[in-house]
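Peer 1: Output the structure for:
(chains A and B)
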Amino acid sequence: MNNWRFKEIVVMSVLSVVFAVVYLAFLPIGKVLVGFFGPIGYDLIFGIWFIVSIIAAYIIRKPGAAFISETIAAMVEVMLGNATGPMLIVSGMIQGLGAETAFAVTRWKNYSSWVLMAAGVGSAVFSFVYGYFISGYAALSTTYVSGMLVTRMISGALIAGVLGKALSDGLAQTGVLSSFALGKEFRKKRTA
Amino acid sequence: MFLHNLNPCIKALTIVLLVIMLALIFDPITPFLFMILTVILTFLGGNINWKKYCLYFVPFLVIAFGMLWTTIAFADAPANPHEVISLVGFDVPKESFVTALALAFRVLSVAALSLLFILTTNVVDFILSLIQHLKVSPKIAYGVLAGYRFLPMMKDELAIIRSAHRVRGFNHAKTLREKWNQYKMFSIPLLASSIRKAERTAIAMESKGFTGGKERTFYRRITITPSDWFFLCMMIMSLLGIAYISWEFGYFKWYNGEL
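Peer 2: Prediction:
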């Protein structure tokens, strides 16, 4: 944490706050889907709940960005007074750890699309293992549970990985990220 | 009201412990009784508007219902397929139905616990308590507080961006598709302006001497009193007590390695 600039911490917090609101906005959508399809309804759009770790890690590119941003987003969700209470902080931490693992494997050096998608899948797997125990998926049949896992992994790769990268690239184009890792890389590419 | 005066960190810890315990219980009676206890406690110990409470609680009923029917529909093959009960004209294995009911009540009892926390906890106290008791880095915690204060500003910012678009000839979105496109168009400027503001806030805080060091002093100290520990013990004891009661009546069932 010591090699972080304060600026990066505040920007990461703000991103987490913004996406906490987005996360909350997607909860009722998830609930409707669950009402129709059962627990797999959440898995269809689960990737949206990993997006901030991918965006923060991609922009700031420092160890811990994925984990901390997701944790903060979960905390803000709790503070805004909805969702599933303090337990949500735990699930946020687990999702963040999943994404962080993918970045840790590349030693926080590689931020290509594949790694970002892998981070989304990592969050999906971690959160699924956690959900397996907390929500009692043990009572469901194995086929259904594996269907849920695969759906969540795809959702993580596409919504969190691909959409997250697209949003961050869009932000980099505006120039506001010029003092962050992503903005610097963007400028280098442009001058080259 | 005593729930409002509890230490936020201990309150959160209590709830996390209770949820983990609830996750191990697989019978419907225990979570049901515990949910009722939690709701009663929330209203006795907290100053809560019941209309607001219902508004928050209703969505969880929808989830619980979804949980109920899918667990029945996609359940594992039951051990005793001959024991069936009739449910709106369908024969359902008793075992699946009981498990489904258990999962649905678990959702509701976790929801009741969460509402107890959310509706009785002050945000700033919670963050101060995180720094003072859980040793969260003040750098991060104050960063979060600053970010949290941006939310109302973002609403204004959205209004400004919307007006700016209208001035340039974009009309009000009417259909769902137009609205979606509009949000796509708003998202980048909204994020960009928040990032700019965040950068400025960070510079302002640093220039006024905020170092984020652990040795800082606090104007407001959040305390941990014996009554916080009493609350923690009481809640856990009552869950154990309820589990014992349902065990006495032969309902109790808990997780034993079903995969």
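Peer 1: So which residue is smack in the middle of chain B?
Peer 2: Closest residue to the average C-alpha location of chain B: B:S114 at 4.8 Å, with CA atoms, centre = their mean.
Peer 1: ok but that residue is inside a strand, no?
Peer 2: No - B:S114 is assigned helix when assessed by DSSP: H, G, I helix; E, B strand; the rest coil, not a strand.
Peer 1: Okay, it and chain A: tell me how far apart.
Peer 2: From B:S114 across to chain A, the span is 2 Å (CB to the nearest CB, to the nearest Å). (Glycine included, C-beta is placed from N, CA and C.)
Peer 1: what does B:S194 give?
Peer 2: Relative to chain A, B:S194 is positioned 5 Å away (CB to the nearest CB).
Peer 1: Over to B:M1?
Peer 2: 17 Å.
Peer 1: number of nearby residues for that residue?
Peer 2: Around B:M1 sit 11 other residues, with neighbours defined as other CB atoms under 10 Å in any protein chain shown.
Peer 1: Then A:A25?
Peer 2: Neighbours of A:A25 (other CB under 10 Å): 12.
Peer 1: on that earlier part again, hmm, the residue nearest to the centre of chain B is touching A:P86, no?
Peer 2: Yes - between B:S114 and A:P86 there is a contact at 7.1 Å, judged by CB atoms under 8 Å.
Peer 1: what ranges of chain B fall below the confidence cut-off?
Peer 2: B:75-90, B:255-259 (pLDDT under 70).
Peer 1: A:G64 and B:L55: what is the separation?
Peer 2: The gap separating A:G64 from B:L55 is 37 Å, by CB to CB, to the nearest Å.
Peer 1: Neighbour count: those two, which is higher?
Peer 2: Shown here are A:G64 and B:L55; by other CB under 10 Å, A:G64 has more neighbours (21 against 10).
Peer 1: would you list every one of the helices in chain A?
Peer 2: With DSSP state H as the criterion, chain A has helices at A:6-37, A:40-44, A:51-60, A:65-79, A:87-105, A:113-134, A:142-155, A:164-174, A:181-191.
Peer 1: okay, the ones you listed in JSON lines with mean pLDDT next?
Peer 2: Formatted as JSON lines, the helices of chain A follow (pLDDT from 0 to 100):
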{"stretch": "helix A:6-37", "mean pLDDT": "87"}
{"stretch": "helix A:40-44", "mean pLDDT": "87"}
{"stretch": "helix A:51-60", "mean pLDDT": "95"}
{"stretch": "helix A:65-79", "mean pLDDT": "91"}
{"stretch": "helix A:87-105", "mean pLDDT": "92"}
{"stretch": "helix A:113-134", "mean pLDDT": "92"}
{"stretch": "helix A:142-155", "mean pLDDT": "92"}
{"stretch": "helix A:164-174", "mean pLDDT": "93"}
{"stretch": "helix A:181-191", "mean pLDDT": "89"}
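Peer 1: Of all those helices, which one comes closest to B:A159?
Peer 2: In terms of CB to CB, the element of those nearest to B:A159 is helix A:6-37, at 15.5 Å.
Peer 1: mind listing what's buried in that closest one?
Peer 2: Neighbour-count burial for helix A:6-37, counted by 16 or more other CB atoms under 10 Å in any protein chain shown, picks out A:6-20, A:23-24, A:26-27, A:30-31, A:33-34.
Peer 1: helices or strands up against that helix?
Peer 2: helix A:40-44, helix A:51-60, helix A:65-79, helix B:50-73, helix B:138-167, helix B:176-207 (3 or more CB pairs under 8 Å, 6 or more residues apart in numbering or on different chains; DSSP states H and E).
Peer 1: what's the angle from the second one to helix A:87-105?
Peer 2: Here helix A:51-60 runs at 40 degrees with respect to helix A:87-105, directions being taken by axes from the mean of the first three to the mean of the last three CA atoms, to 10 degrees.
Peer 1: The last one now?
Peer 2: The directions of helix B:176-207 and helix A:87-105 differ by 80 degrees, with the same axes, to 10 degrees as the criterion.
Peer 1: Can you point out the buried residues in helix B:176-207?
Peer 2: Within helix B:176-207, judged by 16+ other CB under 10 Å, the buried ones are B:182, B:187-195, B:197-199, B:201-202, B:205.
Peer 1: Now for residue 8: which residues touch it?
Peer 2: Using chain A here. Neighbouring residues of A:E8 by CB atoms under 8 Å, 6 or more residues apart in numbering or on different chains: A:I60, A:K62, A:F180.
Peer 1: meant chain B, my bad for not saying
Peer 2: Counting by CB under 8 Å, 6+ apart, B:P8 makes contact with B:T121, B:N122, B:D125, B:F126, B:S129, B:L130, B:I222.
Peer 1: rerun at 6 Å
Peer 2: With contact taken as CB atoms under 6 Å, 6 or more residues apart in numbering or on different chains, B:P8 is in contact with B:T121, B:D125, B:F126, B:S129.
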